[in-house]
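let me see the structure of the following:
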Amino acid sequence: MNPTFGFFDLDPSIGSVVRSDEFVLRVWSKNELMTDYRVLVELQVNLRSLQFVGRSLETFHHPLPENCVLLHLSDGFYTSFTDLPAEGQQRPPLTAAMKSIAPGQTASFDALIKLANLDDVIQDALRTRARLEADINKLLTEMPHAEHDLSELSSRHEEIRNTKRTLETEQKSLDQATKTKAELTTSLRRRRETVKRLSSAQTEGEEKHKQVQATTGRVHQDLDGLVQRSNGQIRRICTSLLQIFPIEPVKNKALQFSIRNIHLPNSIFHDTNRDEIAAALGFTAQLVHQLSLYLSVHLPYPIEVTASDYIIRDDISASIAQRHFPLQPVGAAYKFEYGVFLLNKDVEFLMNRSGLRVMDIRHTLPNLKYLIFVLTAGNEELPGRKAGGVRGLLRGTPDLSRQNSEESVTSSTNNASVESKAGSIYQNEKTGGEDVFHGSVMARGLPYRKSMLRDTG
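I've put the predicted structure just below:
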């Protein structure tokens, strides 16, 4: 496939070679396993016996023999169906006189034909030129003033051509201007429609904007009031929590605090009382849990209460098998220490949500004290507790404040006395008193009341 042919020139050859009508065609080839070329095809071709195929192979649709050799000559394609010359066309060999022709003095038949045609064309052109010259001279002789008329006529023709060109240019400019005018008119009409539509939409938008501004002003006022009231309630709640769980510094110890008079070290629990540590961590966990509820912050590590034991849960870490860690010293010290670490992370999370920065995460009570101190900061008077309760359990809007209630500090085991106190509190609710619970709820007894107080802080 894809054979390569070398170029050769016969001009330097003698006439006997150039005018010969026979030649031998040999094709050499080799494959990848062969080192030298070998003769694949040897064909003796007689030029007089060649068959004309056509000027191009694109229009040739007849079958050819297998392994047929096509010759591309100057006037088309030829092939040899036989190696012998056609019958009756054999000619005697060239004479010796032809062999004496000097190299370079031969020409092909096609070249001679082209030369003859070219000579005919040249002679015809010369005859035509001579005839035109004679006609022009005759016209000039018959018309003395023809030269002047011709120059004037040529100038007129030139003016007419210039006028036509100018007219064509102006016509194109007029067409372009007309087209541009139509486009601008259409664009102007669309813009007017758009402006009219947008003007009506702008008018409606301005009216809606005024309404929205009025509504937004009221909403902002309500929001500011709500935020102010919420901050006041948070101050009041945090103040109450600080009274319930007082955090005080330990004398002669830097950055050491106690909660409800129980000292809680800063994440170092060597040589300490296990019961005191468990109680202090329980109070701390309860305080952190209540702060998360009142601040509406979901703790990353939730705190669970099981009887008197506090457990903190880690649902975030993926590389640990255990999820629950105690907040009281146990046999496995690493579990307790990891639970304290999670509690400190909850405190850090609460501080970050309040815009505070933790200096040392191991300082549990100092960080908690700092957080409550910031939440209770302010010179305004603390607001009163709003009337209300758990809507799913209470009917009406009782006041959950227990600051001046005798039932918050005393309890009775007698159901009859509880019912009588419930009646007095219910009567106090009707008269606008401050310490109220619904009578039907208080009639359930002391255990239910204790659970409600524990759940609501």
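
the stretch 251-400 of the chain: helices as residue ranges?
All helices of the stretch 251-400 of the chain, identified by DSSP state H, counting those that start in this stretch, fall at 274-294, 333-353, 364-375.

ditto for the stretch 101-250 of the chain
Using DSSP H, counting those that start in this stretch, the helices of the stretch 101-250 of the chain run over 109-142, 146-244.

so for Leu343, which of the ones you listed sits nearest?
Closest approach to Leu343 among the helices of the stretch 101-250 of the chain (Cβ to Cβ): helix 146-244, 16.5 Å. C-beta here means a position set from N, CA and C on the backbone, and glycine is covered the same way.

where in the stretch 101-250 of the chain is pLDDT low?
101-108, 143-150 (pLDDT under 70).

swap in 90 and give it another go.
101-120, 135-157, 214, 216-218, 220-243, 250 (pLDDT under 90).

contacts only, for Asp360.
Residues near Asp360 by Cβ atoms under 8 Å, 6 or more residues apart in numbering: Asn266, Asn367.

pLDDT at it, what is it?
pLDDT recorded at Asp360 is 89.

picking up where we left off before, quick one: closest of the helices of the stretch 101-250 of the chain to Ile320.
helix 146-244 (31.7 Å).

elements contacting that closest one?
helix 109-142, helix 274-294, helix 364-375 (3 or more Cβ pairs under 8 Å, 6 or more residues apart in numbering; DSSP states H and E).

okay, the angle between that helix and helix 364-375?
In terms of direction (axes from the mean of the first three to the mean of the last three Cα atoms, to 10 degrees), helix 146-244 departs from helix 364-375 by 110 degrees.

circling back: export the helices and strands packed on helix 146-244 to JSON lines and append columns for distance to Arg357 and mean neighbour count.
Formatted as JSON lines, these follow (distance: least, Cβ to Cβ, whole Å; neighbours: other Cβ atoms under 10 Å):
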{"stretch": "helix 109-142", "distance to Arg357": "102", "mean neighbour count": "10"}
{"stretch": "helix 274-294", "distance to Arg357": "17", "mean neighbour count": "19"}
{"stretch": "helix 364-375", "distance to Arg357": "10", "mean neighbour count": "20"}
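
now these in a markdown table, with distance to Leu33?
As requested, the helices and strands packed on helix 146-244 are exported to a markdown table (distance: least, Cβ to Cβ, whole Å):
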| stretch | distance to Leu33 |
| --- | --- |
| helix 109-142 | 44 |
| helix 274-294 | 87 |
| helix 364-375 | 88 |
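
list the contacts of Glu168.
Contacts of Glu168 (Cβ under 8 Å, 6+ apart): none.

for the helices of the stretch 101-250 of the chain, give me a markdown table that also has distance to Leu327.
A markdown table is the format used below for these (distance: least, Cβ to Cβ, whole Å):
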| stretch | distance to Leu327 |
| --- | --- |
| helix 109-142 | 113 |
| helix 146-244 | 18 |
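
Glu304: which of these is closest?
Using Cβ to Cβ, the helices of the stretch 101-250 of the chain put helix 146-244 closest to Glu304, at 19.8 Å.

partners of the strand or helix carrying Val24, with directions?
Assigned by DSSP states H and E, Val24 belongs to strand 22-29. Here strand 22-29 has these sheet partners by DSSP bridges: strand 38-46 (antiparallel).

any idea which helix or strand comes after the partner strand?
Following strand 38-46 in sequence, per DSSP H and E, is strand 51-54.

other SSEs contacting that following strand?
Counting contacts by 3+ Cβ pairs under 8 Å, 6+ apart, strand 51-54 packs against strand 76-79.

for stretch 40-52, C-alpha coordinates in CSV please.
C-alpha atoms of stretch 40-52 as CSV (Å, rounded to 0.1, in the frame of the first residue of the first chain):
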residue,chain,number,x,y,z
LEU,A,40,7.3,-8.2,-7.4
VAL,A,41,6.0,-7.3,-10.9
GLU,A,42,7.7,-7.2,-14.3
LEU,A,43,5.6,-6.0,-17.2
GLN,A,44,6.5,-5.3,-20.8
VAL,A,45,4.3,-2.5,-22.0
ASN,A,46,3.8,-1.4,-25.6
LEU,A,47,2.5,2.1,-25.8
ARG,A,48,0.5,1.4,-29.0
SER,A,49,-1.4,-1.3,-27.3
LEU,A,50,-2.6,0.8,-24.4
GLN,A,51,-6.3,1.3,-23.9
PHE,A,52,-7.6,4.8,-23.1
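
buried ones in it?
Going by neighbour count (16 or more other Cβ atoms under 10 Å), the buried part of stretch 40-52 is Val45, Asn46, Ser49, Leu50.

which stretch among the helices of the stretch 251-400 of the chain comes nearest Thr166?
Proximity to Thr166 (Cβ to Cβ) singles out helix 333-353 among the helices of the stretch 251-400 of the chain, at 83.9 Å.

give the other helices and strands that that closest one contacts.
Under the contact rule (3+ Cβ pairs under 8 Å, 6+ apart), helix 333-353 is packed against helix 274-294, strand 309-313, strand 324-326, helix 364-375.

starting at the chain centroid, how far to stretch 130-146?
With Cα atoms, centre = their mean, to the nearest Å as the basis, stretch 130-146 stands 84 Å off its chain's centre.

do stretch 177-185 as well
With Cα atoms, centre = their mean as the basis, stretch 177-185 stands 42 Å off its chain's centre.

picking up where we left off before, quick one: closest of the helices of the stretch 251-400 of the chain to Val195.
Closest among the helices of the stretch 251-400 of the chain, using Cβ to Cβ: helix 333-353, at 50.9 Å.

got the contact list for the closest one?
Helix 333-353 has contacts (Cβ under 8 Å, 6+ apart) with 267, 269, 281, 284-285, 288, 291-292, 295, 297, 299-301, 303, 311-312, 314, 322, 325-330, 357-358, 361-362, 364, 367-368, 370-371.
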